[in-house]
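In: Show me how the following folds:
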Amino acid sequence: MTDGLIYMGGRMLMSGEAQVPVTSAGVKYGANVFEGLCFYRSASGGGNVFRLREHLTRLQQSIKIMRLDAAYSDIDFQQAIFQSLEANRIREDAHIRLSVIVVGEGSCDLRGPTSLVCTVSRRPPGDLADRAIAACVSSWQRIGDLNLPPRIKAGPNYHNSRFALLDAQANGYSEALLLNAAGKVSEATSACFMMVREGRLITPPVTAGILRSVTRGALLRLAQEKLSMPVDIREVDRTEVYTAEEAFLCSSFEEVRPIIALDRIQIGSGWVGPWTQRLWDCYEQVVRNVDESYGHWLTPLPHMAKTAAQEPNSVA
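Out: Down below sits the predicted model:
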């Protein structure tokens, strides 16, 4: 659930005050782009936003491709995030949603004006085993670059995910994998897909209709650099997933989410696999700055950095 104060148009507002006109293009046509980011409490007691620069680069690209009249700088986005976290007194892990919404009234080709909105939601740390899910292959096809470009993180793209997820839930599954127009595995409803076969980490390419996930990129690097694990970025067949030793989803919101069965076929041991666990442990050490070798991926929250400096013995 979103916390009490929302950044909108340069001001902090109560959630009931942060409103978009029902006649706006943002409401009528879903004219918006957004980013989901994570804020993590560090081992030292401070806090950091994970891979802020990479998320903002993707957001600027989404604005460009959507042809929005939105001249926000990365500093504007960063200030919105920092103000939202500070105003809501965030001291623990949180998920951040940064949105650019067309609030002008008109037809579907309206490009502006836009409003910058930032919301934050507290999230308790969770055990990896508690996230394990059974998934299915969806009958809905994944969107592609010729209709709704997946590289844009826009609200309308998630109608594709909504159809697939509601259908999966109606059939007793927690999640769905979507295939692309070529019949190859693309991604899940809100996360990228990875699997382990014969000691290799395998994931579909960006051209398979996936969002270019920031978390996916981080995990690929950690697998290679921390675990010395071979990585293959290639097309994946549906039936190949059935024979995987391990499989999991990854995204900023999902982080890492093990898949223990697909189409009621058990994946590997039917539980969290050792490579998945090791990769998750690496990720946790990096986002909490226990492993300081990836400190360049972390952007500290100024007011928490000051507090941590005053409390040198504080722990996460």
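In: Isn't Ala135 up against Gly172?
Out: No. The pair Ala135 and Gly172 does not pass the contact test of Cβ atoms under 8 Å, sitting 10.9 Å apart. Using the backbone N, CA and C atoms, a C-beta is placed for each residue, glycine as well.
In: So which of those two has more stuff around it?
Out: With neighbours defined as other Cβ atoms under 10 Å, Ala135 and Gly172 compare such that Ala135 has more, 25 against 9.
In: Now the phi/psi pair for the nearest residue to the more buried one once chain neighbours are set aside, please.
Out: Sequence neighbours aside, Glu175 is the residue nearest to Ala135 in space, at 4.2 Å (criterion: Cβ to Cβ, 6 or more residues apart in numbering). Main-chain dihedrals, Glu175, degrees, to the nearest 10: phi -160, psi 170.
In: and Glu175, how many neighbours does it have?
Out: The criterion is other Cβ under 10 Å. On that basis, Glu175 has 22 neighbouring residues.
In: That one reaches Ser161, doesn't it?
Out: No. Glu175 is not in contact with Ser161 according to Cβ under 8 Å; the separation is 10.2 Å.
In: what's the overlap in contacts for those two?
Out: Residues within reach of Glu175 and of Ser161 at once, by Cβ atoms under 8 Å, 6 or more residues apart in numbering, are Thr189.
In: now the helix or strand Ala80 falls within, how far from the centre of its chain.
Out: Secondary-structure element containing Ala80, defined by DSSP states H and E: helix 74-87. What separates the centre of helix 74-87 from the centre of its chain is 18 Å, taken as Cα atoms, centre = their mean, to the nearest Å.
In: quick one: average confidence on whichever helix or strand comes after that helix?
Out: In the C-terminal direction, the helix or strand that comes right after helix 74-87 (DSSP H and E) is strand 94-102. When the per-residue pLDDT values of strand 94-102 are averaged, the result is 98.
In: and strand 94-102, which strands flank it?
Out: As defined by DSSP bridges, the strand partners of strand 94-102 come to strand 32-41 (antiparallel), strand 114-122 (antiparallel).
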